[in-house]
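Undergrad: below: sequence and its predicted model.
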Amino acid sequence: MSIENLDHPSGRESAHAMHVVRTNKRTAQNIEAPKRSRSLEANLALANLAIMSARPPRSTHTPLHILVSARLFGGSLDRRLAEGESPATSRLLATRAQLIVSPMRRQALAQNWLSLLELSDEPVTFMMLSNELPVRQRIIANEALIRTLVAALMAPMSAPRGVAMARTLVGDGAGPIYFKDCPDDLAHCLQETILKLNPLTA
């Protein structure tokens, strides 16, 4: 065989070489295809997971009689929550807890507390009964704590127990806000309520 033939392979050798190249290419494609398929499946799985995570959870249907009872027996349910009973113990307590922590209800509750401060700022007149004065003084003395409580109620999140305590305290006619002979210290009650309003310390 001449040197020229070495530099320029025959047609048969060239065809064989092309066949080897095509075979190797197909083999490589067959190897890569499952990898691409697995990669695509993995990407789709991740995408589906991201979509499911972004979706808000479906709200569970609450029977009408539970909703009505949660409103009708609100006072007693609030006291149970304020005393530390877990909302998980019953469907009724859980529904009540969801109701009272709604932003609209917390805003209304915060306004009730601010109304106490507004009333205490009004000048004393002869129309006021004498037994209102000690209560008025308690409110004025605890204005800073009341404003802190209001800020906690207006926070993005408030713990159900703290909200229930705030509702019970401001609505208790025999409590330290309205009853001058009540032995409970208003400052201590406010501090405990503020503590329980924080989801991290409730």
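TA: Now that the structure is in, tell me what you want to look at. Numbers count the residues shown, from 1 in each chain.
Undergrad: how about the helices of the chain, start to end?
TA: With helices called from DSSP state H, the chain shows them at 3-7, 11-54, 64-72, 74-82, 91-100, 103-121, 133-141, 143-153, 160-171, 186-197.
Undergrad: need the CA coordinates for the last one. CSV is fine.
TA: Which is helix 186-197. This file holds the C-alpha atoms of helix 186-197, laid out as CSV (Å, rounded to 0.1, in the frame of the first residue of the first chain):
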residue,chain,number,x,y,z
LEU,A,186,-55.8,46.1,86.3
ALA,A,187,-52.1,46.6,85.4
HIS,A,188,-51.4,42.9,86.0
CYS,A,189,-54.4,41.9,83.9
LEU,A,190,-53.3,44.1,81.1
GLN,A,191,-49.7,42.8,81.2
GLU,A,192,-51.0,39.2,81.1
THR,A,193,-53.3,39.9,78.2
ILE,A,194,-50.5,41.6,76.2
LEU,A,195,-48.3,38.6,76.8
LYS,A,196,-50.9,36.2,75.6
LEU,A,197,-51.7,38.3,72.5
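Undergrad: rewinding a little: least reliable of the helices of the chain by average pLDDT, please.
TA: Ranked by mean pLDDT, the helices of the chain bottom out at helix 3-7, with a mean of 40.
Undergrad: what number of residues lie near Pro103?
TA: A total of 12 residues lie near Pro103 under the criterion other CB atoms under 10 Å. (Glycine included, C-beta is placed from N, CA and C.)
Undergrad: wait, Leu190
TA: Using other CB under 10 Å, Leu190 has 22 neighbouring residues.
Undergrad: same deal with Gly162?
TA: 25.
Undergrad: same question, Ala97
TA: 22.
Undergrad: next one: it relative to Leu114, how far apart?
TA: 24 Å (CB to CB, to the nearest Å).
Undergrad: same question, Gln107
TA: Separation of Gln107 from Leu114 (CB to CB): 11 Å.
Undergrad: now do the contacts for Ala82.
TA: Contacts of Ala82 were listed using CB atoms under 8 Å, 6 or more residues apart in numbering, and they are Arg161, Ala164, Met165, Arg167, Thr168.
Undergrad: ah, wrong one, I meant Glu143
TA: Leu117, Ser120.
Undergrad: what's the domain layout of this structure?
TA: When the chain is parsed with automatic domain parsing, its domains come out as 3-54, 64-197.
Undergrad: tally of neighbours for Leu99?
TA: 18.
Undergrad: what's the closest non-adjacent residue to it?
TA: Spatial nearest neighbour of Leu99, excluding adjacent residues (CB to CB, 6 or more residues apart in numbering): Ala70 at 5.8 Å.
Undergrad: that neighbour reaches Thr95, doesn't it?
TA: Yes - contact criterion CB atoms under 8 Å: Ala70 and Thr95 qualify, at 4.3 Å.
Undergrad: the closest residue to Arg80 other than its chain neighbours and Val101: what is the separation?
TA: The shortest distance from Arg80 to any non-neighbouring residue, by CB to CB, 6+ apart, is to Leu93 (6.5 Å). As for Leu93, its distance to Val101 is 13 Å (criterion: CB to CB).
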